[in-house]
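**Student:** Task: produce atomic coordinates for the following.
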Amino acid sequence: FLLSAYPCLTVARRGGRSRPVIAGIQGGDATTLLDFPPCRRMILEVLRKATWIVSVNHLYLERVGRWVDVRDRSTVIPTAVAPPRGQSGWSLSGVNRGVVGSVGVFRRVKDIPLLVRGYAAVPAGRRRGLLLAGVFDGDPEEEEWTRTLVDEFGIADQVEVTGRFPQPEVFAHLRRMHVYVQSSSEEGLPNSLLEAAILGIPLVATAVGGMAEVIEDGASGLLVPHGDPRRLGDAIARILADDDLARRLSAGARRMAENLSPDRERREWLGLFQAVLRDFP
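**Tutor:** Numbers count the residues shown, from 1 in each chain. Next comes the predicted model:
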């Protein structure tokens, strides 16, 4: 990560020799660079002096490029998630039909209030539940705003917030969903979206960050602008109303996940390590 790479620069230059330092840009790094001046000096130092910069999407490289030119020493390596062993994929059933959901630690950037608004915009006869598999962590105002909207729309009896759960249970929660939604205002490339794609759950996502780069709208998911609850609700409703569309998006999500496999990620990192080390004795 960018901040933890800062002390590594000093270690890499000890003893009168230079060692390569590869720094990775994740979602939080880019936000920190833009919004938190106390961290800015360290981050810019890393961007100037690191041997190579890796990002999960092209957008973040463009952002840091406003301050430091990294074009000749940067690479995009998308995140990968390993598929669950011995578990079946998603299928539409009477249990999950009509259930809309999301998974994660629901910080402000995840914009769960937007998801609540989008869900409420779906015709009542189509939606059967909003499953928030995760926890609001460290942001009581975001949780309060979410619950306020739930009460205002009169959907409290349809909303479930699971709280914390062991990581192996994530796929069980995902299978309870008819549609998986990532309503974030900004993202690198969220693991939860890729976990849903691995199972083949039909995806709806805001067209931000890495999600806009890996999802083919209409083929592996539906993309909508961030901040538009009506468009978000319309996309969700399209899938809930059309089983053929749901199955096509399910197959497309699986293909996307296969292209973003851990084997591919390992090969790309290994190739980068070998290329960088060739230039160092």
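**Student:** all strands of this structure, in order?
**Tutor:** Applying DSSP state E to the chain gives strands spanning 22-25, 52-55, 74-76, 99-105, 129-135, 159-161, 179-182, 203-206, 222-224.
**Student:** Just put the ones you listed in a markdown table and tack on mean pLDDT, distance to E195 and mean neighbour count.
**Tutor:** Just so you know, the C-beta spots here come from the backbone N, C-alpha and C atoms, and that holds for glycine as well. Converted to a markdown table, the strands of the chain look like this (pLDDT from 0 to 100; distance: least, C-beta to C-beta, whole Å; neighbours: other C-beta atoms under 10 Å):
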| stretch | mean pLDDT | distance to E195 | mean neighbour count |
| --- | --- | --- | --- |
| strand 22-25 | 94 | 20 | 22 |
| strand 52-55 | 96 | 21 | 22 |
| strand 74-76 | 96 | 21 | 18 |
| strand 99-105 | 97 | 7 | 23 |
| strand 129-135 | 97 | 11 | 21 |
| strand 159-161 | 97 | 18 | 17 |
| strand 179-182 | 98 | 9 | 28 |
| strand 203-206 | 98 | 11 | 27 |
| strand 222-224 | 98 | 18 | 22 |
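**Student:** List just the one of those that sits closest to R40.
**Tutor:** Nearest to R40, of all the strands of the chain, is strand 22-25, at 14.3 Å by C-beta to C-beta.
**Student:** Parallel or antiparallel, list what pairs with the closest one.
**Tutor:** Sheet partners assigned to strand 22-25 using DSSP bridges are listed as strand 52-55 (parallel).
**Student:** Can you name the residues in contact with the strand it pairs with?
**Tutor:** Outside strand 52-55, the residues within contact range by C-beta atoms under 8 Å, 6 or more residues apart in numbering are 20-25, 47, 61, 64, 70, 73-77, 188, 272, 276.
**Student:** Can I get the helix or strand of the chain with the lowest mean pLDDT in PDB, CA atoms only?
**Tutor:** Within the chain, judged by mean pLDDT, DSSP states H and E, the helix or strand with the poorest mean is helix 27-35; its value is a mean of 77. Output for helix 27-35, consisting of C-alpha atoms alone and laid out as PDB, is shown next (Å, rounded to 0.1, in the frame of the first residue of the first chain):
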ATOM      1  CA  GLY A  27      -9.300   2.500  -3.100                       C
ATOM      2  CA  GLY A  28      -8.400   4.000   0.300                       C
ATOM      3  CA  ASP A  29      -5.000   5.200  -0.900                       C
ATOM      4  CA  ALA A  30      -6.500   7.300  -3.700                       C
ATOM      5  CA  THR A  31      -9.100   8.800  -1.300                       C
ATOM      6  CA  THR A  32      -6.300   9.600   1.200                       C
ATOM      7  CA  LEU A  33      -4.200  11.300  -1.500                       C
ATOM      8  CA  LEU A  34      -7.100  13.500  -2.400                       C
ATOM      9  CA  ASP A  35      -8.800  14.200   0.900                       C
END
